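Trainee: whatever this is, show me its structure:
(chains A and B, ligands or ions: 2)
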Amino acid sequence: MNKDIIKLTNLVKDYNTLNKKIEVLKKINYSFDKGKFYAIKGHSGSGKSTLVKILGLMDNPTSGKYLLFNNEVSKLSDKLSSYYRMKHIGFIFQEYNLNPYLNAIENVIVPMLFNAEISKKERKEKAKELLKKVGLENRLTHFPSDLSGGEQQRVAIARSLANSPDILIADEPTGNLDKANEKIIFKLLKEMSNEGKCVIVVSHSDEVNLYSDICLELDNGKLKEVNHGK
Amino acid sequence: MENNIISNSIKTIKRNKSNWYIIAIITLLLTLSFLCITFRLNFDKYNEYLENRNIEFRTFYVYHENNSNEKSIQELKKVDHILEVYNPNYASRAIYSNINLHNLDGSLVIRYGTQNLVPISIEGKSIEDLDTNEMICPYNFYPDSSIYEFNIDKNKIIHKDESINLIVSLKLPIYNNDTNSKDKYNDITYYTRNFKIVGLYDNTINMNDNNECYIKAEDMIEIVNKSNTVTNQNEYTNLLVAVDKIQNIEAVREQLINLGYEVNEETRVYIDKNLINTVKIISNIIIIVVIISSFLILKNYIYKKIRNEKKYLGILRACGYTKNQIIICQSLELLTELIISFIISILTEIIVFIILKNYIFNKYTYIGLDISNNILYFIMFFSIIIVLSFLIDSIQIRKIINNSISYILNENLNKSEKKSNMNIIKKVGLFSIIFIITFILLCLINIILKK
Ligand SMILES: Nc1ncnc2c1ncn2[C@@H]1O[C@H](COP(=O)(O)OP(=O)(O)OP(=O)(O)O)[C@@H](O)[C@H]1O
Ligand SMILES: [Mg+2]
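Mentor: Numbering: from 1, shown residues only, chains lettered A, B, ... in the order given. Ligands and ions are numbered 1, 2, ... in the order given. The predicted model follows:
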């Protein structure tokens, strides 16, 4: 049986700008397992964001195959790809992008609103539970403006976990945070992978090496595993 | 629908101050348009009522050189659409009356009563059963009032229980025509006669004043003859002709001219059409301006709102919202705001209307100043606003979310995009669409009104 959650075959992504074609990803072949913490590195402009956005079903590859649980998902209808995003993928951005008019609990509930599998009563309980998990049990009704950057990012992580995804993708989640907060966030992500989720993190920070199981480097459009000497 | 989604949009509105500004502005514009519509509808209704209900607007003088009055009356009564023909001497008399109730002495108008001229009684006897020395008065009887008075004291109205069977003593001055003396007015003697109120009619139906009572035609003739007055009974005099409908006046006029009558150009009472048209045009312009500015403000607000929320829309997409779900959520917010504005402005409108009706135009209330029919127009008008804003809103949102999510979330691309604004052609197009819709709306209102 195939335990790979994600399988990429000959994945290519080009951007057509006004005057030329940029080849960002060149025939990437790689599989991601569940329960592992992947760190993706690479110099600026190497295509890390491009790759994880494709993984997060937020962009389509130019060519190649993307199998998610053995389903080809690169050319899905909006309804289906939205469903996959809701059910299976949690995404964490560098910017927290919380709704400033909703408090922590309400922000975490947002992704559950159209999830018929979670009843209305469960939603609030689940949001509280997730916020507790990220260590914000004392900030449940705080608004984003009353939270520190690290706390906001933790709310965003709780939000990404709302629908219990199998895959957690983070694009420079600690880019705006100090070292102390960075540690907290990576620890949290590590916990998630220990719970069986596939965690994929793009980060410039060396701190991530302490937590990741597999370190990947994106260089010249190719993805390869590197030893980080852990 | 999930009430979590609804409550989220209400929370967002409650907590975002800029929403309250826009609600205030929309409320103001809606109230203004509602007031304009109310004014316009009531103005039209008032004119229509006056012309169709008050027979004076359909009554004019005719004169025939060769016919005797008797002959003319016989001849004119046979003409189609003519309700009544009578001598203007007997049409009406303003009389000082003596009523032993609430010290309500005052001026009273008695009118020439025939079946065609008197509205049906809603209380007591009707004109057919009227005997001599009996009269039919308004339901809300108020001697000494006039249509031009603003500060009518409602407490002085004599209501039906008091007025029915009330005996009113009418006192008419008798002038001596033969006297050439200068102190003619010192010689005045009075002719007094008592009338009993036996029937009450609804004077709003034919837009009579509150102090106009009808007596039998024969009584009227007798009173006028007894009390003199002025003219000898000239055999060749003007006659008054009352036509059944305002639309038939022209046809009747032509017919009478063919029969050799001289016909007065104007009806006994008439409205200045030029003035009316000016008021109509001005109020139309105000309505159009208000409606267009409402749309433009709303449109700009929607554009700005969506531009500000662009990134958040991307986040919602990343969380697994479909395009339609996002449109539902975002439109719900707009809809809630509009509905709040609508409710506030309807309430404001009703309050303003009540104040206008009861304190400023209180004398005019019986001529039908009314808001209940207008609610339908407000709802129609409001629905158009809702549909249009929803269209603008969903088109704008769709423009954003039709891009790939990574594109929506890309900060750098968002910045460069702000430069590419709507071009002039599109602006002109939008403006003309709004204008056309407004125009159609106004035509619709007019057509429905004319029915
Ligand atoms: N929508 C787009 N249109 C055109 N080119 C794009 C687009 N998005 C990204 N690119 C280009 O693709 C390349 C890879 O971009 P990407 O954002 O994936 O890099 P990155 O590895 O995430 O860099 P960083 O570490 O700075 O975030 C860059 O050269 C970028 O200019
Ligand atoms: Mg990047």
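Trainee: show me the beta-bridge partners of the residue nearest to the spatial centre of chain A.
Mentor: Centre of chain A computed as the mean C-alpha position; nearest residue by CA atoms, centre = their mean is residue A:169, 1.4 Å away. Beta bridges link residue A:169 to residue A:91, residue A:200 when assigned by DSSP bridges.
Trainee: could you report the separation of it from residue A:28?
Mentor: Going from residue A:169 to residue A:28 by CB to CB, to the nearest Å gives 15 Å. No exception for glycine: its C-beta is placed from N, CA and C like everyone else's.
Trainee: which residues of the stretch 201-350 of chain B lie near chain A?
Mentor: Within the stretch 201-350 of chain B, the positions adjacent to chain A are B:311-312, B:314-323, B:325, B:329 by CB under 8 Å from any CB of the partner chain.
Trainee: buried subset of these?
Mentor: Taking 16 or more other CB atoms under 10 Å in any protein chain shown as the criterion, what is buried in those is B:311-312, B:314-323, B:325, B:329.
Trainee: farthest-apart pair in those, please.
Mentor: The distance between the two most remote of those (CB to CB) is 18.3 Å, for B:311 and B:322.
Trainee: give me the next element, helix or strand, following the helix or strand where residue B:171 lies.
Mentor: Per DSSP states H and E: residue B:171 is located in strand B:167-174. Moving toward the C-terminus from strand B:167-174, the next helix or strand (DSSP H and E) is strand B:189-201.
Trainee: just checking, what packs against that next one?
Mentor: With contacts taken as 3 or more CB pairs under 8 Å, 6 or more residues apart in numbering or on different chains; DSSP states H and E, strand B:189-201 sits against strand B:121-124, strand B:134-138, helix B:160-163, strand B:167-174, strand B:212-216, helix B:217-226.
Trainee: what angle do strand B:134-138 and the longest one make with each other?
Mentor: Spelled out, it's helix B:217-226. Relative orientation of helix B:217-226 and strand B:134-138, computed by axes from the mean of the first three to the mean of the last three CA atoms, to 10 degrees: 100 degrees.
Trainee: export helix B:217-226 as PDB, just CAs?
Mentor: The C-alpha trace of helix B:217-226 is given here as PDB (Å, rounded to 0.1, in the frame of the first residue of the first chain):
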ATOM      1  CA  ALA B 217     -82.500  73.100  -4.200                       C
ATOM      2  CA  GLU B 218     -85.900  74.600  -3.600                       C
ATOM      3  CA  ASP B 219     -84.900  75.800  -0.100                       C
ATOM      4  CA  MET B 220     -81.800  77.400  -1.600                       C
ATOM      5  CA  ILE B 221     -83.800  79.200  -4.300                       C
ATOM      6  CA  GLU B 222     -86.200  80.500  -1.700                       C
ATOM      7  CA  ILE B 223     -83.500  81.700   0.700                       C
ATOM      8  CA  VAL B 224     -81.700  83.500  -2.100                       C
ATOM      9  CA  ASN B 225     -84.800  85.100  -3.400                       C
ATOM     10  CA  LYS B 226     -86.000  86.100   0.100                       C
END
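Trainee: can you name the residues in contact with that helix?
Mentor: B:86, B:89-90, B:93, B:110-114, B:132-133, B:170, B:172, B:174, B:191, B:193, B:215, B:233 (CB atoms under 8 Å, 6 or more residues apart in numbering or on different chains).
Trainee: let's see 10 Å
Mentor: Here helix B:217-226 makes contact (CB atoms under 10 Å, 6 or more residues apart in numbering or on different chains) with B:84, B:86-87, B:89-93, B:95, B:110-115, B:117, B:127, B:130-135, B:170, B:172, B:174, B:191, B:193, B:195, B:214-216, B:229, B:233.
Trainee: quick one, strands of chain A?
Mentor: When assigned using DSSP state E, the strands of chain A occupy the ranges A:4-16, A:21-33, A:37-41, A:63-68, A:71-72, A:89-92, A:167-171, A:198-202, A:214-219, A:222-226.
Trainee: quick one: check stretch A:56-68 for contact with ligand 1.
Mentor: No - residues of stretch A:56-68 are not located near ligand 1 by CB under 6 Å from any ligand atom, the shortest gap being 8.4 Å.
Trainee: kindly report the same for stretch A:26-38.
Mentor: No - Stretch A:26-38 does not reach ligand 1 (CB under 6 Å from any ligand atom); its nearest approach is 12.1 Å.
Trainee: so how far is ligand 1 from whichever residue of chain B sits closest to chain A?
Mentor: When scored by CB to the nearest CB, chain B has residue B:320 as its residue closest to chain A, at 2.5 Å. Between residue B:320 and ligand 1 the distance is 22 Å, computed by CB to the nearest ligand atom, to the nearest Å.
Trainee: what sits against that residue?
Mentor: Counting by CB under 10 Å, 6+ apart, residue B:320 touches A:57, A:81-91, A:111-112, A:114-115, A:162-163, A:165.
Trainee: try it again with 6 Å
Mentor: For residue B:320, the contacting residues are A:82, A:85, A:86, by CB atoms under 6 Å, 6 or more residues apart in numbering or on different chains.
Trainee: can you add distance to residue A:173 and pLDDT and give these back as a markdown table?
Mentor: Output for the contacts of residue B:320, formatted as a markdown table (distance: CB to CB, whole Å; pLDDT from 0 to 100):
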| residue | distance to residue A:173 | pLDDT |
| --- | --- | --- |
| A:82 | 23 | 91 |
| A:85 | 18 | 91 |
| A:86 | 20 | 91 |
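Trainee: put the buried members of those into a PyMOL selection.
Mentor: In PyMOL, a selection of the buried entries from these looks like this (16+ other CB under 10 Å):
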select buried, chain A and resi 82+85+86
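Trainee: reformat the contacts of residue B:320 as TSV; add distance to residue B:5.
Mentor: Formatted as TSV, those follow (distance: CB to CB, whole Å):
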residue	distance to residue B:5
A:82	16
A:85	18
A:86	15
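Trainee: in helices, which of the contacts of residue B:320 fall?
Mentor: A:82, A:85, A:86 (DSSP state H).
Trainee: select the longest helix from chain B.
Mentor: helix B:273-318.
Trainee: tell me the helix or strand right after that helix.
Mentor: helix B:323-355.
Trainee: helix B:273-318 and that next one, what's the angle between them?
Mentor: Relative orientation of helix B:323-355 and helix B:273-318, computed by the same axes, to 10 degrees: 150 degrees.
Trainee: return the distance of helix B:323-355 from the chain's centre.
Mentor: Helix B:323-355 sits 27 Å away from the centroid of its parent chain (CA atoms, centre = their mean, to the nearest Å).
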